[in-house]
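Q: here's a sequence, model it:
(2 chains)
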Amino acid sequence: MYSLTEDEKDVLQELMNVAYGNATAVVADMLDAFASLSIPNIQVLPTHELLATFESMKAESYFFSTQAFSGEFNGESAFFINDISAQNLAKHLELETADDLDDAILELTNVLTSSLTTKLSQELDTEVSFSLPSITKVPLQDIQEVETFQNYSQVIVIDTDLNFEDQKINGKIFILTKDASIQWLKNKLNTILELLL
Amino acid sequence: MTYLVVDDSKLARLSLIKSLKTHVGDDENIHQASNGLEAVSLMENKKADIVFLDLTMPEMDGYEALPKLLEINNKAKVIVVSADVQTKAKERVISLGAQLHMQKPINADKMQEILEII
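A: Sure thing, here's the model as predicted:
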């Protein structure tokens, strides 16, 4: 079982903060809106514990979109947006059909997670490539059936909120990585820290 | 010259201080705070001339701390150093009295640019 030290968490949180700031600015331009940024929460969790944390989410169903990335650092970015936020997104973008909304969420996921992961990998001095994002609509009680979570036994969860207060649109972003990437990431974080000390 | 570096991340503080020392040397007074509340308290005692201020922090964020810091020392120059590069975030901190808004991270070249501007 891997874990992150407080220093490793601090470094990852800061790198993620920089990456998320870039990604949010891109999405804010796209939506012509202003997002409030939150401090990323970093945890290493067995997947079943991650799923348990989803129980605290209040909405009944979610649009859940994922995008895999590969390279030395590899895993999957996941974006959750609840029904109400999705409807507010549709209203804000003046979308008329469910297909248009799916398309908008996929584009949002693509822009958000690829900007986020690209910037994070730049900060980690590596390169990643991306698969196409995919989307499913999931009732909360069925979330553990989502295939993504069955691919991981233990994950680094980098969890942050996307929050456009005026438009009442908020979502959650997770970056999930497997054991080999966790060890790679730990080595990288320590190298970054050693260079500063 | 007295400097105050305000960021909840140790990495961000260490990294910025390393870049700062490249230009001003090791002998300057450089103080650190990990949130806005600590920064305000340090400002009351140390009256920093130049403040590097993060925005997203626990306890008190940069938006709330900025006017309080300037209220204590209205001659201080506050450089906001943030990952939030949205246009509205930049406009907001400038309207609150910041001299500059710079995108994280601050390497030695960017620090030189900052010091030349201020």
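Q: residues contacting the helix ranked longest in chain B, please?
A: Counting residues, the longest helix found in chain B (DSSP state H) is helix B:10-24. Helix B:10-24 has contacts (C-beta atoms under 8 Å, 6 or more residues apart in numbering or on different chains) with A:7, A:10-11, A:14-15, A:192-193, A:196-197, B:1, B:3, B:5, B:7, B:28, B:30, B:32, B:34, B:52, B:54, B:81, B:104-108, B:110-112, B:115. (C-beta placed from N, C-alpha, C; glycine too.)
Q: give me that answer again for 7 Å
A: With contacts defined as C-beta atoms under 7 Å, 6 or more residues apart in numbering or on different chains, helix B:10-24 is touched by A:10-11, A:14, A:193, A:196, B:3, B:5, B:7, B:30, B:32, B:52, B:54, B:81, B:104-108, B:111-112, B:115.
Q: show me which of those residues are buried.
A: Burial by neighbour count, 16 or more other C-beta atoms under 10 Å in any protein chain shown: within those this picks out A:10-11, A:14, A:193, B:3, B:5, B:7, B:30, B:32, B:52, B:54, B:81, B:104-106, B:111.
Q: in strands only, show me the residues you listed.
A: Among the buried ones among the contacts of helix B:10-24, DSSP state E puts B:3, B:5, B:30, B:32, B:52, B:81 in strands.
Q: anything in stretch A:183-197 near chain B?
A: Yes. Contact of stretch A:183-197 with chain B (C-beta under 7 Å from any C-beta of the partner chain) involves A:193, A:196.
Q: for chain A, which residues are neighbours of chain B?
A: By C-beta under 7 Å from any C-beta, the residues of chain A that approach chain B are A:10-11, A:13-14, A:17-18, A:20-22, A:24-25, A:28, A:34-35, A:37, A:39, A:193, A:196.
Q: please redo it, this time with the cut-off set to 6 Å
A: For chain A, the residues in contact with chain B (C-beta under 6 Å from any C-beta of the partner chain) are A:10, A:11, A:14, A:17, A:18, A:21, A:25, A:28, A:34, A:37, A:39, A:196.
Q: check chain A for the residue nearest chain B and tell me.
A: residue A:21 (2.8 Å; C-beta to the nearest C-beta).
Q: surely that residue and residue B:89 touch.
A: No. Counting by C-beta atoms under 6 Å, residue A:21 does not reach residue B:89; the two are 8.9 Å apart.
Q: neighbour count winner among these two?
A: Between residue A:21 and residue B:89, residue B:89 has the larger neighbour count (other C-beta atoms under 10 Å in any protein chain shown), namely 26 against 23.
Q: which SSE is the more buried one in?
A: Applying DSSP states H and E as the criterion places residue B:89 in helix B:87-95.
Q: can you get me the centre-to-centre distance for that helix and its chain?
A: 15 Å (C-alpha atoms, centre = their mean, to the nearest Å).
Q: in that helix, which residues are buried?
A: Buried residues in helix B:87-95, defined by neighbour count with 16+ other C-beta under 10 Å: B:89, B:90, B:92, B:93.
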